[in-house]
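Novice: okay, here's the prediction I keep looking at, along with the sequence it came from:
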Amino acid sequence: MYRILVLHGPNLNLLGTREPQHYGRETLAEVNARIERAAAALGVSVDCRQSNHEGQLIDWIHEARGERDGLILNPGAYTHTSYAIRDAVAAVGLPTVEVHLSNIHAREPFRHVSVIAPVALGQIAGFGPYGTCWRCMLGAAPQ
Ligand code: DQA
């Protein structure tokens with residue numbers, strides 16, 4: 001069974017109440033329940049985690065090596081700043097899909113740059129909680 005680690009970065013624990021014009025009204029628990037339903041329907045296993053701390057996210061990415069087959073990552077604002085998370089993704093070599101609830105390219109200029117994108121399989125942005133890219137991830141899985 002294909003094993004996916006889903007990581008939500010800083011401030012995503014506040015989903016539901018945080019700037020709903022950008023991030024919608026679903027809570028993180030509701031988003032995770034949606035992800036778990038989609039995973040069950042596709043027959044993949046999923047583990048959803050959230051942290052506000054860069055080092056914690058990096059530790060989980062490292063631990064995923066050998067334990068998971070792919071990574072779905074919403075790095076929050078670390079998307080735009082964290083060379084350390086980028087290096088962690090590159091180091092473990094897992095197929096990684098970068099996901100954003102909002103369309104970062106249609107927002108403030110500082111959000112247009114992702115330092116993660118060059119080491120990711122691809123990026124999904126702007127589809128709210130519907131963006132988790134199972135099909136991209138499974139397309140990259142060894143057949
Ligand atoms: C976000 C976009 C980031 O720019 C922002 O800092 C977030 C959430 C998104 O999901 O749209 O925290 O990653």
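Specialist: Everything's here; your move.
Novice: how much space separates His53 from Glu26?
Specialist: Counting by CB to CB, to the nearest Å, the separation of His53 from Glu26 is 23 Å. Every C-beta, even on glycine, is put in place using the N, C-alpha and C of the backbone.
Novice: looking at the two, which one has more neighbours?
Specialist: Per other CB atoms under 10 Å, whichever of His53 and Glu26 has more neighbours is Glu26, with 17 against 11.
Novice: nearest spatial neighbour of that one, chain-adjacent residues omitted?
Specialist: Nearest residue to Glu26 in three dimensions, chain neighbours excluded: Pro129, at 5.3 Å (CB to CB, 6 or more residues apart in numbering).
Novice: near the ligand, which residues of this protein? Just list them.
Specialist: The chain comes close to the ligand at residues 11, 74, 76-77, 79, 100-102, 104, 111, as judged by CB under 6 Å from any ligand atom.
Novice: how about those in CSV, adding secondary structure and pLDDT?
Specialist: Below are the residues of the chain next to the ligand laid out as CSV (DSSP: H, G, I helix; E, B strand; the rest coil; pLDDT from 0 to 100):
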residue, secondary structure, pLDDT
Asn11, coil, 98
Asn74, strand, 98
Gly76, helix, 98
Ala77, helix, 98
Thr79, helix, 98
His100, strand, 96
Leu101, coil, 95
Ser102, coil, 95
Ile104, helix, 97
Arg111, helix, 98
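Novice: just the buried members of these?
Specialist: The neighbour-count test (16 or more other CB atoms under 10 Å) applied to these identifies 74, 76, 79, 100-102, 104, 111 as buried.
Novice: what segments of this protein are strands?
Specialist: 3-8, 45-50, 70-74, 96-100, 122-125 (DSSP state E).
Novice: format the ones you listed as JSON lines; extra columns: distance to Arg86.
Specialist: Conversion of the strands of the chain to JSON lines gives the following (distance: least, CB to CB, whole Å):
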{"stretch": "strand 3-8", "distance to Arg86": "14"}
{"stretch": "strand 45-50", "distance to Arg86": "19"}
{"stretch": "strand 70-74", "distance to Arg86": "10"}
{"stretch": "strand 96-100", "distance to Arg86": "10"}
{"stretch": "strand 122-125", "distance to Arg86": "13"}
